[in-house]
Structure formats: structure tokens, C-alpha cells
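Asks: Quick one, what's the 3D model for this:
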Amino acid sequence: MWYWLGVTYIAALSIVDFMMFNYIGFRTDVSDIDYGIIGAAWSAVFIASSEFLGRLADRGDYRKLTAVSLVAIAVASLLFGLARGVELMAIAYMFHAVATAAANLGFSAGMFELSPDTEWEAKASGQRLGLFGIKGAGLLALSFVVPFIPLMGLAVGVGVASLAVGLAFMLFLPSGWPPFERKLHGLMLRLEGFGLYATAVGSFAYGKYGLLYNISRSVERGAGSSTGVAVSAMLTTFVGDYYLTALPLMLRYVNLGLRDYMVAFAAAGLSAAAALALVQGTGSRSLAAAGIAIRGAWAIVAIRFIDSLAGIVAYIVVLVALFSVLDLSLYRIYIGITGGYRVHGYMMLRELGSLVGSLAGGLALYLGPLAFMATPAVITAAAVAAALI
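Replies: Predicted coordinates:
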């Protein structure tokens with residue numbers, strides 16, 4: 001019960017994110033650069049919060065993390081409801097970043113502490129499937145009531161609803177036990193690395209297997225190999241947030257509004273959930289790298305054909321559905337290497353990609369078509385290379 005309540009709570013926070021950020025983009029006169037700065041500031045607060053709260057996650061203190069998240073989303077909803085200008089809306093959005101960081105860390109810590117390691121990958125897959133499915137269904141339902149309820153009231157109402165779900169999640173969280181399985185998993189990884197090292201030293205002395213082979217295997221399986229995965233996730237996230245920051249600003253000049261954007265993201269969420277149910281990610285770095293390249297090419301080429309509701313739906317569905325599979329794949333590879341530790345470091349790097357991507361999206365749109373097209377092409381190539389390291 002606690003697991004699906006947690007998934008629903010994170011999905012509700014994601015809907016609040018969509019409503020707040022895109023309300024600012026569609027319904028205010030915010031400039032391209034200022035909009036990018038707001039998106040980047042959200043990511044900066046998320047990163048700082050993840051770093052500050054990361055020790056609680058490593059200790060498995062998921063209750064405190066959930067409590068922090070609830071306080072932050074309550075403040076965010078209140079401030080956004082009181083806002084009459086972009087400045088207070090942006091401050092409210094920063095509190096939402098704290099709520100999201102704490103909720104993600106709390107849920108991850110709970111998953112690792114309350115579940116055996118044999119279930120980690122399945123629960124990580126279920127989390128993402130549920131997140132996209134609930135978010136898609138929620139946005140679709142909200143799109144039908146947009147004509148009848150002011151968007152500001154709708155955004156605040158979703159915030160209050162997420163607070164209620166979060167309270168239920170906290171009430172149903174069971175008591176934890178010492179994270180024995182996580183520690184054992186990490187110990188086995190270190191012993192495996194030590195065994196490979198010992199074999200390499202032995203081969204140096206007796207010349208049986210070859211020193212370079214064993215050292216390369218040790219590096220491949222060691223903790224250092226997690227860095228390339230995390231960097232690839234960061235750069236892949238950059239490309240997505242780059243375009244998702246630019247799109248609301250671009251759609252101002254097309255006959256498409258926030259309700260159309262909600263329908264597109266609703267379709268994208270449901271499609272991503274279906275994709276995860278069918279594919280469930282991959283543990284292969286080469287397949288992940290190929291997916292990153294395909295997604296990058298789609299994002300760059302297909303954006304020029306957005307001129308209708310069907311066009312924006314198709315563009316966002318492919319962009320988000322591919323990301324859902326890639327994000328799960330890279331995360332599974334990462335926790336398989338690290339044994340569930342340093343998750344907040346992975347999340348921080350991924351959010352750093354969101355930060356720079358949001359800032360770059362607004363700036364590149366301001367600089368012109370050449371800069372806008374070249375930037376994601378370079379970043380996609382770097383993400384592919386990092387995934388293969």
C-alpha cells in the first residue's frame with residue numbers, strides 16, 4: 001500500500017510541476033531568458049536540497065524526508081495561490097523543488113530499506129510506470145475541466161490534493177530495519193573488485209591470464225564505471241528539458257494553448273507507461289546509447305513540424321516515451337553497480353542536466369535557429385559517448 005501511495009504522491013508532485021511551470025510560460029509575459037532562469041533555478045534548488053538531505057536518505061530516514069516534502073508542498077501551494085506576479089510564483093516553484101527532492105529521496109530510501117535487493121529493479125520499473133501512467137491520466141482529466149475552473153485555482157487545487165496523498169503515504173509507511181541487504185550487496189561488489197585485483201596481481205607474478213585484462217574487468221565492474229552512466233543520464237535529461245523549456249515559449253506564436261499542451265503531455269504519460277510495461281528498460285549500455293541517439297535525432301528534426309495539436313502530441317509522445325525507457329535503463333544500470341548507495345548523487349547529476357538544459361533552452365531560443373539546433377546535437381553525441389564508457 002505504501003509503495004503505490006508513494007508513487008501516486010510523486011506523480012501528483014509532477015503534475016503540480018507541470019501546472020506551475022507552464023502557467024508561468026503560457027499565462028504571464030515572462031521573457032525567454034527569464035523563463036529559462038526560473039527552470040534552472042528550480043533545478044539548482046533541487047540539487048542543493050538533494051545534497052543537503054542526501055545523508056538522511058543514506059541513513060534510511062524516509063519518514064523525515066517525507067515530512068520535509070509535505071511542509072514544502074504546503075508552502076508552495078499557498079504562495080502560488082497568493083501570487084499576482086511572476087516573482088512570487090517563482091518563489092513558490094522553488095518550494096516545489098524542495099518538496100520533489102525530499103519526496104524522491106524519501107521514496108527511494110523507503111524502497112531500498114523496506115524491500116529485498118531482488119525486488120529493487122522491479123520496484124524501480126513500477127515506480128516509473130506508475131509515475132507516467134498516473135501523471136498522464138491526471139493531466140487528461142484536468143484538461144477536461146480547464147474551461148470551467150481558472151488555471152490558477154486548478155494549480156493550487158492539485159497542490160492541495162498532492163498534500164493529502166502525501167499525508168496518506170506517510171501514515172502507511174511501515175517501520176524499517178537495518179539496511180543489511182544493501183550493505184551486503186555493496187560488500188559483495190567490493191569483494192568482487194578485490195578478487196579481480198588479486199587475480200591481476202597473480203597474473204603479473206605468474207603470467208597466466210594477463211594483467212591488462214583483469215584490470216580492465218575490475219574497472220568495468222567497479223564503482224568508477226557508474227560515473228559514465230550518471231553523466232549520460234545528465235546529458236540525456238539536458239536535451240529533454242532544453243526542449244520542454246523552449247516549447248511553451250514557441251507555442252505562443254502558434255495557435256496552441258496550455259490545454260492543448262496538457263492533452264499532449266497526457267498522451268505522452270500514458271504512452272510512456274505503456275512503453276515501460278512492454279519494454280521495462282534494458283541493462284545494455286549499447287542499446288541505451290542507441291536509444292539516446294534516436295531520441296536526440298527526433299527532438300532536433302521533428303520540432304520544425306509542430307503546427308497543430310496532432311503535431312505537438314506526436315512530438316512530445318515520442319520524446320517522453322523514449323526518455324522514460326532510457327531513464328529507467330540508466331537508473332537500473334547505475335543501482336546495479338552501486339548497490340543502491342549514492343542515489344542522491346545520481347539524482348543530483350541528472351538534475352544538473354535539467355538545470356543547464358532549462359537555462360540553455362531559453363538562451364538558445366533567444367540567440368537564434370543555428371544555436372538552437374546545434375546545441376542539442378552536440379549534447380546528444382556526448383551522452384552517447386558517456387553511456388558507452
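Asks: send the alpha carbons of stretch 308-322 over as PDB?
Replies: C-alpha atoms of stretch 308-322 as PDB (Å, rounded to 0.1, in the frame of the first residue of the first chain):
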ATOM      1  CA  SER A 308      -1.100  21.600 -34.900                       C
ATOM      2  CA  LEU A 309      -2.400  19.600 -32.000                       C
ATOM      3  CA  ALA A 310      -1.600  16.400 -33.700                       C
ATOM      4  CA  GLY A 311       2.000  17.600 -34.300                       C
ATOM      5  CA  ILE A 312       2.600  18.600 -30.700                       C
ATOM      6  CA  VAL A 313       1.100  15.400 -29.400                       C
ATOM      7  CA  ALA A 314       3.300  13.200 -31.700                       C
ATOM      8  CA  TYR A 315       6.400  15.200 -30.800                       C
ATOM      9  CA  ILE A 316       6.000  15.000 -27.100                       C
ATOM     10  CA  VAL A 317       4.800  11.400 -27.000                       C
ATOM     11  CA  VAL A 318       8.000  10.200 -28.800                       C
ATOM     12  CA  LEU A 319      10.200  12.500 -26.700                       C
ATOM     13  CA  VAL A 320       8.800  11.500 -23.400                       C
ATOM     14  CA  ALA A 321       8.200   7.800 -24.100                       C
ATOM     15  CA  LEU A 322      11.800   7.300 -25.200                       C
END
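Asks: and that stretch, average pLDDT?
Replies: Averaging pLDDT along stretch 308-322 gives 94.
Asks: who's in contact with that stretch?
Replies: The contact list for stretch 308-322, computed with CB atoms under 8 Å, 6 or more residues apart in numbering, reads 132, 240, 243, 247, 251, 256, 260-261, 263-265, 267-269, 271-272, 274-275, 291, 294-295, 298-299, 302-303, 305-306. In this view, the C-beta of every residue, glycine as well, is placed from N, C-alpha and C.
Asks: Check stretch 160-180 too.
Replies: Contacts for stretch 160-180 (CB under 8 Å, 6+ apart): 1-2, 5-6, 8-9, 12-13, 15-16, 60, 62-63, 66-67, 69-70, 73-74, 77, 103, 110, 112-114.
Asks: if we can go back for a sec, restricted to helices, list the contacts of stretch 308-322.
Replies: 132, 240, 243, 247, 251, 260-261, 263-265, 267-269, 271-272, 274-275, 291, 294-295, 298-299, 302 (DSSP state H).
Asks: What distance do you get for residue 28 to residue 172?
Replies: 38 Å (CB to CB, to the nearest Å).
Asks: Where do the helices of the protein begin and end?
Replies: So, for the chain - with DSSP H - the helices run 2-27, 32-58, 62-82, 86-114, 120-145, 151-172, 180-206, 211-221, 226-251, 258-279, 285-302, 309-338, 343-367, 369-387.
Asks: ok and the fifth one relative to helix 2-27, angle-wise?
Replies: In other words, helix 120-145. 40 degrees (axes from the mean of the first three to the mean of the last three CA atoms, to 10 degrees).
Asks: returning to what we had before: mind giving me the PyMOL select for the ones in helices among the contacts of stretch 308-322, buried ones only?
Replies: In PyMOL, this line selects whichever of the ones in helices among the contacts of stretch 308-322 come out buried by 16 or more other CB atoms under 10 Å:
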select buried, resi 132+240+243+247+251+260+261+263+264+265+267+268+269+271+272+274+275+291+295+299
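Asks: circling back: among the helices of the chain, where is the model least confident on average?
Replies: helix 211-221 (a mean of 38).
Asks: mind checking how far the closest residue to residue 80 other than its chain neighbours is from residue 64?
Replies: Nearest non-adjacent residue to residue 80, counting by CB to CB, 6 or more residues apart in numbering: residue 92, 3.8 Å away. According to CB to CB, residue 92 and residue 64 sit 23 Å apart.
Asks: likewise residue 259?
Replies: The value you get for residue 259 to residue 64, if CB to CB is used, is 39 Å.
Asks: ok, now residue 290?
Replies: Residue 290 is 41 Å from residue 64, by CB to CB.
Asks: And for residue 124?
Replies: Separation of residue 124 from residue 64 (CB to CB) stands at 22 Å.
Asks: the more surrounded of these two?
Replies: Between residue 124 and residue 64, counted using other CB atoms under 10 Å, the more crowded position is residue 124 (19 against 15).
Asks: Contacts only, for that one.
Replies: 111, 328, 331-332, 335.
Asks: Please repeat the previous calculation with a cut-off of 10 Å.
Replies: 108, 111, 280-281, 328, 331-332, 335, 340 (CB atoms under 10 Å, 6 or more residues apart in numbering).
Asks: Check residue 262 too.
Replies: 15, 18-19, 22, 138-144, 146, 151, 154.
Asks: if we go to 6 Å?
Replies: 139, 143 (CB atoms under 6 Å, 6 or more residues apart in numbering).
Asks: again, but for the one 5 residues further on
Replies: The neighbourhood of residue 267, defined by CB under 6 Å, 6+ apart, consists of 313, 317.
Asks: roughly how far apart are it and residue 260?
Replies: Taking CB to CB, one finds residue 267 at 11 Å from residue 260.
Asks: Break this protein down into its domains, please.
Replies: 2-177+222-387, 180-218 (automatic domain parsing).
Asks: and these, which is most packed in?
Replies: domain 2-177+222-387 (a mean of 20; mean count of other CB atoms under 10 Å).
Asks: before we move on, the earlier item: now the contacts of residue 124 as a markdown table including distance to residue 346?
Replies: Output for these, formatted as a markdown table (distance: CB to CB, whole Å):
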| residue | distance to residue 346 |
| --- | --- |
| 108 | 10 |
| 111 | 14 |
| 280 | 19 |
| 281 | 15 |
| 328 | 13 |
| 331 | 7 |
| 332 | 11 |
| 335 | 8 |
| 340 | 11 |
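Asks: Would you mind checking which of those is nearest to residue 128?
Replies: Of all the contacts of residue 124, residue 128 sits closest to residue 328, with 5.0 Å by CB to CB.
Asks: How about the contacts made by the residue lying closest to residue 91 once chain neighbours are set aside?
Replies: Nearest residue to residue 91, sequence neighbours excluded (CB to CB, 6+ apart): residue 79, at 5.9 Å. By CB under 6 Å, 6+ apart, the residues touching residue 79 are 88, 91-92.
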